[in-house]
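>>> sequence first, then the predicted structure, then my questions.
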Amino acid sequence: MMRRKGFTLVEIMIVVAIIGLLAAIAIPNFIQARTKAQTNTCIANLKQIDGAISLWALDNGKGNADTVTVANLVPTYIKATPYCPLDTAKAGYTLTTVGASPACPSDPTNHKLP
(Lines give C-alpha, C1' and ligand atoms only; values in the text may rest on other atoms or scores of the structure.)
Protein backbone atom coordinates (compact mmCIF):
# COMPACT_ATOMS: atom_id res chain seq x y z
CA MET A 1 0.00 0.00 0.00
CA MET A 2 1.14 3.45 -0.84
CA ARG A 3 0.44 6.24 1.71
CA ARG A 4 0.13 9.84 0.64
CA LYS A 5 1.15 12.64 2.98
CA GLY A 6 -0.76 15.90 3.23
CA PHE A 7 -4.07 17.38 4.29
CA THR A 8 -7.42 16.40 2.92
CA LEU A 9 -9.77 18.91 1.39
CA VAL A 10 -12.15 18.59 4.34
CA GLU A 11 -9.39 19.40 6.84
CA ILE A 12 -8.36 22.50 4.90
CA MET A 13 -12.00 23.65 4.63
CA ILE A 14 -12.47 23.27 8.39
CA VAL A 15 -9.36 25.37 9.10
CA VAL A 16 -10.53 28.07 6.66
CA ALA A 17 -13.98 28.10 8.29
CA ILE A 18 -12.46 28.50 11.77
CA ILE A 19 -10.24 31.38 10.58
CA GLY A 20 -13.26 33.05 8.96
CA LEU A 21 -15.28 32.69 12.15
CA LEU A 22 -12.50 34.22 14.24
CA ALA A 23 -12.15 37.10 11.77
CA ALA A 24 -15.91 37.72 11.85
CA ILE A 25 -15.73 38.06 15.63
CA ALA A 26 -12.48 40.07 15.86
CA ILE A 27 -12.83 42.69 13.09
CA PRO A 28 -15.95 44.45 14.48
CA ASN A 29 -14.29 44.61 17.91
CA PHE A 30 -11.20 46.25 16.41
CA ILE A 31 -13.33 48.81 14.57
CA GLN A 32 -15.30 49.60 17.72
CA ALA A 33 -12.09 49.96 19.75
CA ARG A 34 -10.63 52.34 17.16
CA THR A 35 -13.76 54.51 17.18
CA LYS A 36 -13.75 54.66 20.97
CA ALA A 37 -10.06 55.59 21.02
CA GLN A 38 -10.67 58.42 18.53
CA THR A 39 -13.56 59.73 20.63
CA ASN A 40 -11.48 59.61 23.82
CA THR A 41 -8.60 61.41 22.09
CA CYS A 42 -10.90 64.17 20.91
CA ILE A 43 -12.45 64.62 24.36
CA ALA A 44 -8.95 64.77 25.91
CA ASN A 45 -8.03 67.49 23.39
CA LEU A 46 -11.17 69.42 24.30
CA LYS A 47 -10.28 69.22 28.01
CA GLN A 48 -6.76 70.44 27.25
CA ILE A 49 -8.11 73.40 25.27
CA ASP A 50 -10.67 74.20 27.97
CA GLY A 51 -7.94 74.26 30.62
CA ALA A 52 -5.74 76.45 28.44
CA ILE A 53 -8.63 78.89 27.92
CA SER A 54 -9.12 79.12 31.68
CA LEU A 55 -5.44 79.83 32.27
CA TRP A 56 -5.35 82.41 29.48
CA ALA A 57 -8.43 84.15 30.90
CA LEU A 58 -6.93 84.24 34.40
CA ASP A 59 -3.57 85.54 33.21
CA ASN A 60 -5.12 88.26 31.03
CA GLY A 61 -8.06 89.28 33.22
CA LYS A 62 -10.71 88.15 30.72
CA GLY A 63 -14.34 87.37 31.52
CA ASN A 64 -16.78 84.78 30.20
CA ALA A 65 -18.00 87.04 27.39
CA ASP A 66 -14.52 87.75 25.96
CA THR A 67 -13.59 86.02 22.71
CA VAL A 68 -10.68 83.61 22.51
CA THR A 69 -8.80 82.19 19.52
CA VAL A 70 -6.27 79.43 19.04
CA ALA A 71 -3.62 82.10 18.44
CA ASN A 72 -4.16 83.29 22.02
CA LEU A 73 -3.36 79.82 23.36
CA VAL A 74 -0.51 78.49 21.18
CA PRO A 75 2.40 78.21 22.11
CA THR A 76 2.13 79.74 25.62
CA TYR A 77 -0.74 77.63 27.01
CA ILE A 78 -0.75 74.73 24.52
CA LYS A 79 2.43 73.45 22.91
CA ALA A 80 0.83 72.83 19.50
CA THR A 81 -2.60 73.13 17.97
CA PRO A 82 -4.56 69.93 18.70
CA TYR A 83 -6.79 68.35 16.05
CA CYS A 84 -9.56 65.78 16.19
CA PRO A 85 -8.43 62.38 14.83
CA LEU A 86 -11.42 62.46 12.45
CA ASP A 87 -10.55 65.94 11.16
CA THR A 88 -8.73 65.13 7.91
CA ALA A 89 -8.81 68.78 6.79
CA LYS A 90 -7.06 69.89 10.03
CA ALA A 91 -9.61 72.66 10.52
CA GLY A 92 -9.12 72.65 14.29
CA TYR A 93 -11.57 73.06 17.13
CA THR A 94 -14.16 75.82 17.25
CA LEU A 95 -13.52 78.42 19.95
CA THR A 96 -15.92 81.27 20.68
CA THR A 97 -15.85 82.85 24.14
CA VAL A 98 -14.12 82.11 27.42
CA GLY A 99 -17.38 80.90 28.98
CA ALA A 100 -18.31 78.56 26.11
CA SER A 101 -16.86 75.09 25.73
CA PRO A 102 -14.70 74.37 22.68
CA ALA A 103 -16.45 72.30 20.00
CA CYS A 104 -15.30 69.56 17.66
CA PRO A 105 -16.13 70.29 14.00
CA SER A 106 -15.90 66.62 12.96
CA ASP A 107 -18.47 65.04 15.30
CA PRO A 108 -20.08 67.63 17.61
CA THR A 109 -22.71 65.21 18.94
CA ASN A 110 -20.32 62.52 20.22
CA HIS A 111 -17.16 64.58 20.72
CA LYS A 112 -18.06 67.04 23.45
CA LEU A 113 -17.06 67.79 26.99
CA PRO A 114 -19.06 65.95 29.64
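Nice, thanks for sending it over. Residues are numbered from 1 along each chain as shown.
>>> ranges for the helices of the chain?
Here the chain has its helices, by DSSP state H, at 9-60, 70-73.
>>> can you give me the offset of the worst-scoring helix or strand of the chain on mean pLDDT from its chain's centre?
The helix or strand of the chain with the poorest confidence is helix 70-73; it has a mean of 90 (mean pLDDT, DSSP states H and E). Relative to its parent chain, helix 70-73 has a centroid offset of 22 Å by CA atoms, centre = their mean, to the nearest Å.
>>> list the contacts for the residue positioned nearest the centre of the chain?
For the chain, the residue nearest the mean C-alpha position is Gln38 (1.8 Å; CA atoms, centre = their mean). Each residue near Gln38 by CB atoms under 8 Å, 6 or more residues apart in numbering is listed here: Cys84, Pro85, Leu86. No exception for glycine: its C-beta is placed from N, CA and C like everyone else's.
>>> many thanks, have a good one.
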